[in-house]
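Asks: what would the 3D arrangement of this be:
(one chain, ligands or ions: 1)
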Amino acid sequence: MTTTHGFGTARLRSGRELEDLDGRHLIHPHQSGAQSDRFVMVSGEGSLVRDANGVEYLDASGGGNWLAQVGHGRPELAAALTEQAGRLAYFSCFFNFSNDKAVLLAERLAGLAPAGLDRVFFTCGGSEGVESAIKLARLYHHHRGEPDRTWIISRDLAYHGATYGSGTATGFPLMHRGIGPSLPHVARVSPPYPYRAAQMYGDADPTGFLLRELEETIQRIGPGRVAAMIGEPVMGGGGVLVPPPDYWPRVRDLLTSHGILLIADEVVTAFGRTGAWFDSPGRGMDPDIIVTAKGLTSGYAPLGAVLMRADIAAAVAGDGAYFFHGHTYSGHPLSCAAALANLDVLEGEDLVERARTIGGWLREDLASADGLERVGDVRIEGATAGVELVADRATRTPVMAGAVTAALRDRHQVIVRDYGPTIVLSPPLVIGREQVRRTVRALLDVVSRLDENGA
Ligand code: PLP
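Replies: Okay, the predicted model is just below:
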């Protein structure tokens, strides 16, 4: 198939040419070696995307990155971006400057957020949001006269971003390989992983084990030296790890008893992914700071938002305080305009509720995964699902899921993501009933042919 691409005076390029150029010039985030195959996407509509060769894929991954809530190719979003670009594409939000879209979006987020978290700091994405939250937590304690509270506690298998601070909080060893010293004063504890509880925590009650470990970690560091704990309400990159219901309430109580802040990383979960505007309240997390990104604009423009209580904001925005922190594009008018239009669509089409409906479809269709020897565990939270693969169900030996992702893409034109042994579905919230059925049917077809090595 020969499809050509290019705009204005640019020479038209075939799909093959674009792939060759990609290989020659473009370094990809999370690139793995020389990467022999590449997929250059050029257009999308709803839950479908097309590559430069004209091949159409069903996007069950949310733009490859847990977002695209309102679907691809929305004219409302395109119009909002065009209108804003023609009016004011950029002016700084530094010092006492601002713009109308940033103000309106901050107000809108304050109205949606859990009660009390009505102060907003904008970033360009999740990593910068986590970075900002870490600084805010330390500054908060500094401002209150406890400057020794510098430690941050995160968890193994957490994904918090790729900058130095957020990357240090991230609990995957590969993130730390070969880049020299990481951010100091970051400690990690075990994640809640009910499917692997016996393996990880022995006979102990999982939450009891995790609470004891957290308490011991706090005591080892010194309770007066810990600024905050950061955690995803449901761990996304860890493989859709859903904590036991008593986990967050008990963690929250323990942290409160030591004066430690709790940062909810809702970069994946907020704006409908798990069937709520914010996931943390429903889990009894009661965070002091919430970091969001992804679904805030559905990916139509880069944006993150850090929400916090007024007393935390006072540490950087109160009388006599100074926040020597921010980014050229913090509160970017285009991104904020995209977010406002995105929230209009999420509200207008009831997509947060729809995420729960999608969850029901996933549950229905994935029920037959139970009969497959390679499927160890299925975890569904709203419009996201993790299907964990094992060599056999008795030993629960993990099987890496990369081959499944490749087969789904190449054989069935369905795009999903794999995280270690877990296949993750995180489709646009506009995905149709038939499209969910097609995704799951393709997934089960591929998984049913897997051998115990994942080939
Ligand atoms: N936090 C979580 C939970 C994430 O899943 C991600 C990205 O996937 C990030 C933070 C980092 O966000 P970004 O890639 O926008 O910097």
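
Asks: could you count how many residues lie near the residue of the chain found nearest the ligand?
Replies: Nearest to the ligand in the chain, going by Cβ to the nearest ligand atom, is residue 126, at a distance of 2.2 Å. C-beta: built from backbone N, CA, C; applies to glycine. Burial of residue 126 is recorded as 27 neighbouring residues (other Cβ atoms under 10 Å).

Asks: with the one 5 residues further on instead?
Replies: Using other Cβ under 10 Å, residue 131 has 25 other residues around it.

Asks: that one contacts residue 165, correct?
Replies: Yes - at 4.5 Å, residue 131 counts as touching residue 165 under the criterion of Cβ atoms under 8 Å.

Asks: just list the residues touching the residue of the chain closest to the ligand, thanks.
Replies: Shown in contact with residue 126 (Cβ atoms under 8 Å, 6 or more residues apart in numbering): 160-161, 166, 265, 267, 291-294, 304.

Asks: is residue 254 part of a helix or strand, or is it coil?
Replies: Secondary structure, DSSP: H, G, I helix; E, B strand; the rest coil: residue 254 is helix.

Asks: try the one 10 residues further on
Replies: Secondary structure, three-state DSSP: residue 264 is strand.

Asks: now it, nearest residue through space, not along the chain?
Replies: residue 287 (3.7 Å; Cβ to Cβ, 6 or more residues apart in numbering).

Asks: now name the helix or strand holding the one you found.
Replies: Assigned by DSSP states H and E, residue 287 belongs to no helix or strand.

Asks: check residue 50 too.
Replies: Here residue 50, judged by DSSP H and E, is contained in strand 48-51.

Asks: so for the following helix or strand past that strand, what's the average pLDDT?
Replies: Using DSSP H and E, the helix or strand that directly follows strand 48-51 along the chain is strand 56-59. What strand 56-59 shows for mean pLDDT is 98.

Asks: who touches strand 56-59?
Replies: Residues from elsewhere that reach strand 56-59 (Cβ under 8 Å, 6+ apart): 44, 47-51, 68, 72, 409, 412-415, 427-428, 435, 438-439.

Asks: cool, and stretch 250-265?
Replies: Contacts for stretch 250-265 (Cβ under 8 Å, 6+ apart): 126, 130, 133-134, 137, 140, 146, 149, 153, 158, 160, 207, 210-211, 214-215, 218, 223-224, 226-233, 278-280, 284-291, 312.

Asks: quick check: PyMOL command selecting the buried ones in those.
Replies: Buried subset of those, written as a PyMOL selection, criterion 16 or more other Cβ atoms under 10 Å:
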select buried, resi 126+130+133+134+137+140+149+153+158+160+207+210+211+214+218+226+227+228+229+230+231+232+233+278+279+280+284+285+286+287+288+289+290+291+312
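
Asks: which ones among the contacts of stretch 250-265 lie within strands?
Replies: Counting by DSSP state E, the contacts of stretch 250-265 place 153, 226-231, 289-291 in strands.

Asks: need the residues of the stretch 51-200 of the chain near the ligand, please.
Replies: With Cβ under 6 Å from any ligand atom as the criterion, the stretch 51-200 of the chain meets the ligand at residues 125-127, 130, 159-161.

Asks: turn these into a markdown table, including pLDDT.
Replies: Output for those, formatted as a markdown table (pLDDT from 0 to 100):
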| residue | pLDDT |
| --- | --- |
| 125 | 98 |
| 126 | 98 |
| 127 | 98 |
| 130 | 98 |
| 159 | 98 |
| 160 | 98 |
| 161 | 98 |
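
Asks: greatest separation within those residues: which pair is it?
Replies: 125 and 159 (12.9 Å; Cβ to Cβ).

Asks: skipping adjacent residues, who's closest to residue 154 in space?
Replies: Excluding its sequence neighbours, the residue lying closest to residue 154 (Cβ to Cβ, 6+ apart) is residue 169, at 4.1 Å.

Asks: what about the one you found, distance to residue 176?
Replies: Distance from residue 169 to residue 176, counting by Cβ to Cβ, to the nearest Å: 11 Å.

Asks: more neighbours: these two, which one.
Replies: Legend: neighbour count by other Cβ under 10 Å for residue 169 and residue 176, higher for residue 169 (31 against 14).

Asks: what distance do you get for the more buried one to residue 26?
Replies: Taken as Cβ to Cβ, the span from residue 169 to residue 26 is 28 Å.

Asks: just residue 390 next, same as before
Replies: Here residue 390 is placed at a distance of 35 Å from residue 26 (Cβ to Cβ).

Asks: and these two? Which one has more around it.
Replies: Higher neighbour count among residue 390 and residue 26: residue 390, with 20 against 12, using other Cβ under 10 Å.

Asks: just list whatever residues bridge to the more buried one.
Replies: residue 398 (DSSP bridges).

Asks: where's it relative to residue 199, distance?
Replies: To residue 199, residue 390 is 12 Å away according to Cβ to Cβ.

Asks: do residue 306 as well
Replies: For residue 306, the distance to residue 199 - Cβ to Cβ - is 35 Å.

Asks: who has more neighbours out of those two?
Replies: Higher neighbour count among residue 306 and residue 199: residue 306, with 26 against 10, using other Cβ under 10 Å.

Asks: need phi/psi at that one.
Replies: Phi and psi for residue 306, reported as degrees, to the nearest 10, are phi -110, psi 120.

Asks: can you pull the contacts of it?
Replies: By Cβ under 8 Å, 6+ apart, the neighbours of residue 306 are 120-123, 129, 132-133, 136, 289-292.

Asks: hmm, 7 Å instead?
Replies: Going by Cβ atoms under 7 Å, 6 or more residues apart in numbering, residue 306 touches 121, 123, 129, 132-133, 289, 291.

Asks: pLDDT at it, what is it?
Replies: Confidence at residue 306, expressed as pLDDT, is 98.

Asks: please name the bridge partners of it.
Replies: Following DSSP bridges, residue 306 is listed with bridge partners residue 121, residue 291.
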